[in-house]
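K.L.:
Dropping the sequence and predicted coords here.
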Amino acid sequence: MRAKGAGDDDIYRMRYKELDASAAARLIDDDREEMVWKSRIARHQDGRSKVLASAPESERQMTLSQ
């Protein structure tokens with residue numbers, strides 16, 4: 001549904017209809033946690049890419065380990 005442009009409200013209403021209010025609310029919490037996790041991963045990968053692009057070969061492993 002999200003790929004087709006559905007928003008949080010649309011998703012909640014569909015889940016509420018198919019499940020119940022508490023399950024729909026829990027799934028929204030799960031969605032938010034997943035977004036936070038994906039954001040953390042993206043920041044980590046971005047930082048890693050910057051280190052690999054800018055650090056001299058001899059310092060890369062040490063910098064990445066830190």
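P.N.:
Received it, and whenever you're ready, just let me know what you need. Residues are numbered from 1 along each chain as shown.

K.L.:
and the longest helix for the chain?
P.N.:
helix 21-54 (DSSP state H).

K.L.:
how far is it from where the chain is centred?
P.N.:
Between the centre of helix 21-54 and the centre of its chain there are 2 Å (Cα atoms, centre = their mean, to the nearest Å).

K.L.:
what's the answer for stretch 43-59, then?
P.N.:
21 Å.

K.L.:
show me where pLDDT drops low in the chain?
P.N.:
Counting by pLDDT under 70, not a single residue of the chain qualifies.

K.L.:
Mind doing that once more with 90?
P.N.:
2, 8, 47-66 (pLDDT under 90).

K.L.:
What strand or helix carries the residue with the largest distance to the centre of it?
P.N.:
Farthest-out residue of the chain from its mean C-alpha position, per Cα atoms, centre = their mean: S58, at 32.0 Å. Using DSSP states H and E, S58 sits in helix 57-65.

K.L.:
Next, name the residue at the spatial heart of the protein.
P.N.:
Nearest to the geometric centre of the chain sits K38, at 2.0 Å (Cα atoms, centre = their mean).

K.L.:
give the contact list for that one.
P.N.:
Applying Cβ atoms under 8 Å, 6 or more residues apart in numbering to K38 gives no contacts. Glycine gets a C-beta too; all of them are placed from N, C-alpha and C.
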